[in-house]
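Engineer: I'd like to go over a predicted model; first the sequence, then the structure.
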Amino acid sequence: MKKILALLLALVMVLGLAACARPETQTNTDPQNNGGVVTPDTPDENVEIDQAKLADLKIGFIFLHDENSTYDLNFIKAANEVKAALNLKDEQVVMKKGIPESSDCYEAAVELAEGGCDIIFADSFGHEDYMIQAATEYPEVQFCHATGTKAHTAGVSNFHNAFASIYEGRYLAGIVAGFKLNEMIASGKITAQQAKIGYVGAMPYAEVKSGMTSFYLGARSVCPTATIDVKYTESWYDETKEMEYANALINDGCVLISQHADSMGAPNACEAAGVPNVAYNGSTNSACPETFLVSSRINWAPYFKYIIAQVCNGEAIATDWCGGLKNGSVELSEFGKSVSEEAKQAVAEAKAKLEAGELQVFATSTWKKDGKEMTTYLADVNTDETWQGDTEVIENGAFQESKKRSAPYFDIDIDGVTTK
Amino acid sequence: MSEKVVKKHHREPLIHITKRESMAWWKAWSIRGVAILLALAVAGVIIMLVSDLNPVDVYVAMAGGNFNLEDPSQTRMMWVTFQKVAILLCISLAVTPAFKMKFWNCGAEGQTLMGCVAAATFMIYCGDSMQPALLFPLMLLVSMLAGALWGVIPAVFKAYYNTNETLFTLMMNYIAISLVAFLEIVWESPKNSAKVGVINLFTKGGWLPEINGNRYLPVIVTVLLVCILIFIYLKYSKQGYEISVVGESQNTARYVGINVKKVIIRTMAVSGAICGLAGMLLTSGINHTIYPDAVEGQGFTAILVSWLASFNPIAMIFAAFLIIFLQRGAGAIATNFGLDDSLADIVTGIILFFIIGCEFFIRYKINFRHSKKGGVD
């Protein structure tokens, strides 16, 4: 026993030593890089690609899961679409599916690099560090990563982030929801004060909050009395919980549901309860024909085409790339059968305004925080140890989402949003 | 005992089973070889029945998931395979002393994870500031102590209060997993992502150094060393002998004057410490980060490996290789043929079934009536 006690004591002492102050580690923060997000204006169908180089190109994809996940399916579909559109041969496109967010991602990336890939793409947030690690070792290969946040500060020139201004798609979907709420108010089903939306979110993370808020602002632009209740499942994919939470929100008086989570849990709950639903990442029209309103999604094909074109033409890939409505990166699905012509018309008008830059989703005049209009906000754009807001993002009367880096950083709980 | 299995009847039953005293090693291994071939044949038939794939292609793809067959000069894949074998082997070696003692240690997962925690702590707080000559020995020591601590707690309760060690060690796993989930929030980067990310990505502080530019060798060499040490420890040391005596019969052990409590606690400390070492290798040498699923259930797979090898550390190298080969091969099948994991799981299941099944024929003898030679292998 004595020996064990001595061992334990030693352990405590050494652990105590180890807990010495955390040293300031260096981060390659370079504020000069801020604001360098490339936002394409036109569809890239007519971009010329050097055909001789294209015939020699090899591109590798790393996917978190396989086709059974709606999230990865969206990427896999786009990859196959681009492969067909550019007449790439089978051996030119290597797909590695089911690569976890661990050192397996690094091994997969390195294997692709050694296998002669010119471009390597990874689709999941947690792949980022491993992609950077591989990028530092293979400077001649381009590493592209969706949804990541570190490219603009990492200082690794062959590592790139990409996203899309999906908040614009969400806003348009929100307009459809707003019209639905107005219909319910007009028919006397609910009062204007009862126009409460329920939102099943994955994590209280900027990407989710940005999508939720833009959807809410879209709805409120049509139905000013709308409020929104949000419940976070703390998981990106949990069918049971998503269904449970949707039901809880419905029982709590929410008359319309939307979600940012990858399963069919919430849409199915809505179909069963007869509550209208706005989907994300893909249409649920066939599974939930009675309650489906509309869905927004990111189409990754334009980005894949872009990176291939840049490499073949010997041009640099943008450190941060953010596709939008104009170039086809952000898409709205078909409308559900209960959506009125009036709503469709309004969506088309708003889309035209967004594309023309006449309408800003996060215009500060349309929302308040603690009863006040915000004129300044430091968002945590640069991923570093401080986790403090570091970049002014309210400019020209609007919160400039996805302009300082491609991944969303809107993380404000605006008035009207209640977290349950 | 074994001779009494057969009851005297006026008519002998068609078959009867007797326990073998021993079997020549080459005979045992040829039985295992035949079992693998049979497994491949049966799995082949099933592959043809449920899919339109050629079984040979499937097996080639499995091998291709472990070794680069197209370009054998590319050795990285092979090194990754061996590195994975090394980690599984290390945890299997760790659970072996306890199992030999008939202490059902189901806590290797948690003990390894605690090693990961200790290593990650050092990497985060001291990785960039401490001299490597001091950092790595300390990291090693504390990781092993952390693993040992997680093993000793259930051992003390077993020795003094005779608690159920299976349940206790299992519960310790959950504590370790929850602890890591908590630390993930403390150390998360970026904020709210609930992920630690690669620690010291640019400085590589606290990353296990490479040997000759090879990042996989340090882990592999360390584990081979551990393998030899455990082999010697179990077979030739006094403590190793005490472990087998306690495992055979605690009463006998007491009778010959072995302090059973001490042996239980000491053995679990050894078990846990090696798990802690595996955790350190995993975190400092491979993952460079920490998350609740970092050990990936290998704490449980290790039990299978240890039993499959009949607690023989050298045989464990092959058993661990087999499991890793099947796992990595299964992933390759799914990728190459655009399938989900189901077909790969079926193939893995069939192969494991045959391999575990063939141990029956190695340990027991089947006697047929009128059979003069009295046995079929």
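Structural biologist: Nice, thanks for sending it over.
Engineer: Got the phi and psi for the closest residue to chain B within the stretch 1-150 of chain A?
Structural biologist: For the stretch 1-150 of chain A and chain B, the shortest gap (Cβ to the nearest Cβ) falls at A:D129, measuring 3.6 Å. All C-beta atoms are positioned from the backbone trio N, CA, C, and that covers glycine. Dihedral angles phi and psi of A:D129 (degrees, to the nearest 10) take the values phi -60, psi -40.
Engineer: what's around the closest residue to it other than its chain neighbours, how many residues?
Structural biologist: Counting by Cβ to Cβ, 6 or more residues apart in numbering or on different chains, A:D129 lies nearest to B:V198, which is 3.6 Å off, once chain neighbours are set aside. Burial of B:V198 is recorded as 20 neighbouring residues (other Cβ atoms under 10 Å in any protein chain shown).
Engineer: what about B:V198, which SS state?
Structural biologist: Recorded secondary structure, B:V198: coil (DSSP: H, G, I helix; E, B strand; the rest coil).
Engineer: Please point out which parts of the helix or strand A:G211 falls within sit buried.
Structural biologist: Counting by DSSP states H and E, the element that carries A:G211 is helix A:206-220. Going by neighbour count (16 or more other Cβ atoms under 10 Å in any protein chain shown), the buried part of helix A:206-220 is A:206-220.
Engineer: Looking at these, which is nearest chain B?
Structural biologist: Nearest to chain B among the buried residues of helix A:206-220 is A:A206, at 7.5 Å by Cβ to the nearest Cβ.
Engineer: which non-adjacent residue is nearest A:S263?
Structural biologist: With Cβ to Cβ, 6+ apart, the residue lying closest to A:S263 is A:E239, at 4.0 Å.
Engineer: Would you mind measuring from the residue nearest to A:D129 to A:C144?
Structural biologist: Per Cβ to Cβ, to the nearest Å, B:V198 is found 18 Å from A:C144.
Engineer: Distance across stretch B:203-220, terminal residue to terminal residue?
Structural biologist: From the first residue to the last, stretch B:203-220 extends over 24 Å; the measure is Cα to Cα, to the nearest Å.
Engineer: Can you mark which positions in that stretch are buried?
Structural biologist: Under the neighbour-count criterion of 16+ other Cβ under 10 Å, stretch B:203-220 has B:K204, B:G205, B:G206, B:W207, B:L208, B:R215, B:Y216, B:L217, B:P218, B:V219, B:I220 buried.
Engineer: ok, which pair from those is furthest apart?
Structural biologist: B:G205 and B:I220 (22.7 Å; Cβ to Cβ).
Engineer: Give the closest residue to A:M184 in space, chain neighbours not counted.
Structural biologist: A:I190 (4.9 Å).
Engineer: That neighbour and A:S221: what is the separation?
Structural biologist: Distance from A:I190 to A:S221, by Cβ to Cβ: 19 Å.
Engineer: and what of A:F410?
Structural biologist: 17 Å.
Engineer: Those two: who's more crowded?
Structural biologist: A:F410 (23 against 19).
Engineer: Strands of chain B, start to end?
Structural biologist: Remark: strands assigned in chain B by DSSP state E are B:15-19, B:364-368.
Engineer: where's A:I228, which helix or strand?
Structural biologist: For A:I228, the host element (DSSP H and E) is strand A:227-232.
Engineer: That strand - contacts with which helices or strands?
Structural biologist: strand A:196-201, helix A:206-220, helix A:239-251, strand A:417-419 (3 or more Cβ pairs under 8 Å, 6 or more residues apart in numbering or on different chains; DSSP states H and E).
Engineer: can you rerun that using 6 Å?
Structural biologist: Helices and strands touching strand A:227-232, by 3 or more Cβ pairs under 6 Å, 6 or more residues apart in numbering or on different chains; DSSP states H and E, are strand A:196-201, strand A:417-419.
Engineer: between that strand and strand A:196-201, how many degrees?
Structural biologist: Going by axes from the mean of the first three to the mean of the last three Cα atoms, to 10 degrees, strand A:227-232 is angled at 20 degrees with respect to strand A:196-201.
Engineer: now strand A:227-232, how far from the chain's geometric center?
Structural biologist: A distance of 18 Å separates the centroid of the chain from that of strand A:227-232, by Cα atoms, centre = their mean, to the nearest Å.
Engineer: Also stretch A:365-383?
Structural biologist: The answer for stretch A:365-383 is 20 Å, by Cα atoms, centre = their mean.
Engineer: what's the span of that stretch from first residue to last?
Structural biologist: 29 Å.
Engineer: now for the longest helix seen in chain A, which elements pack on it?
Structural biologist: Assignment by DSSP state H gives helix A:166-186 as the longest helix of chain A. Packing partners of helix A:166-186 (3+ Cβ pairs under 6 Å, 6+ apart): helix A:206-220, strand A:292-298, strand A:330-332, helix A:341-356.
Engineer: export those to TSV and tack on distance to B:A133?
Structural biologist: Formatted as TSV, these follow (distance: least, Cβ to Cβ, whole Å):
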stretch	distance to B:A133
helix A:206-220	42
strand A:292-298	49
strand A:330-332	54
helix A:341-356	60
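Engineer: A:G36: neighbour count?
Structural biologist: The tally of other residues near A:G36 (other Cβ under 10 Å) stands at 15.
Engineer: Let me see the contact set for it.
Structural biologist: Contacts here follow Cβ atoms under 6 Å, 6 or more residues apart in numbering or on different chains; on that basis A:G36 touches A:T319.
Engineer: what's the spacing between it and A:A316?
Structural biologist: Distance, A:G36 to A:A316, by Cβ to Cβ: 11 Å.
Engineer: all strands for the stretch 1-150 of chain A, in order.
Structural biologist: For the stretch 1-150 of chain A, the strands defined by DSSP state E, counting those that start in this stretch occupy A:37-38, A:59-62, A:93-96, A:119-122, A:142-146.
Engineer: For the ones you listed, give me a markdown table that also has mean pLDDT, distance to B:N68 and mean neighbour count.
Structural biologist: Output for the strands of the stretch 1-150 of chain A, formatted as a markdown table (pLDDT from 0 to 100; distance: least, Cβ to Cβ, whole Å; neighbours: other Cβ atoms under 10 Å in any protein chain shown):
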| stretch | mean pLDDT | distance to B:N68 | mean neighbour count |
| --- | --- | --- | --- |
| strand A:37-38 | 88 | 36 | 18 |
| strand A:59-62 | 96 | 15 | 26 |
| strand A:93-96 | 91 | 13 | 20 |
| strand A:119-122 | 97 | 17 | 28 |
| strand A:142-146 | 97 | 21 | 27 |
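Engineer: Distance to chain B added to the ones you listed, as JSON lines?
Structural biologist: Putting the strands of the stretch 1-150 of chain A into JSON lines (distance: least, Cβ to the nearest Cβ, whole Å) gives the following:
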{"stretch": "strand A:37-38", "distance to chain B": "17"}
{"stretch": "strand A:59-62", "distance to chain B": "11"}
{"stretch": "strand A:93-96", "distance to chain B": "6"}
{"stretch": "strand A:119-122", "distance to chain B": "14"}
{"stretch": "strand A:142-146", "distance to chain B": "13"}
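Engineer: ok so, going back, I'd say the residue of the stretch 1-150 of chain A closest to chain B and B:I199 touch.
Structural biologist: No: judged on Cβ atoms under 6 Å, A:D129 makes no contact with B:I199 at a distance of 9.0 Å.
Engineer: Just want the most central residue of chain B.
Structural biologist: By Cα atoms, centre = their mean, chain B has its centre lying nearest to B:A302, at 2.3 Å.
Engineer: And it, how close does it get to B:L89?
Structural biologist: Distance, B:A302 to B:L89, using Cβ to Cβ: 8 Å.
Engineer: before we move on, what about A:E349?
Structural biologist: To B:L89, A:E349 is 66 Å away according to Cβ to Cβ.
Engineer: With B:V45 instead?
Structural biologist: To B:L89, B:V45 is 32 Å away according to Cβ to Cβ.
Engineer: and those two? which has more neighbours close in?
Structural biologist: Taking other Cβ under 10 Å, B:V45 and B:L89 do not tie; B:L89 has more neighbours (30 against 11).
Engineer: what about the nearest residue to the more buried one once chain neighbours are set aside, how many residues close to it?
Structural biologist: By the measure of Cβ to Cβ, 6+ apart, the closest residue to B:L89 outside its immediate chain neighbours is B:A320, 4.2 Å from it. The number of residues packed near B:A320 is 30, by other Cβ under 10 Å.
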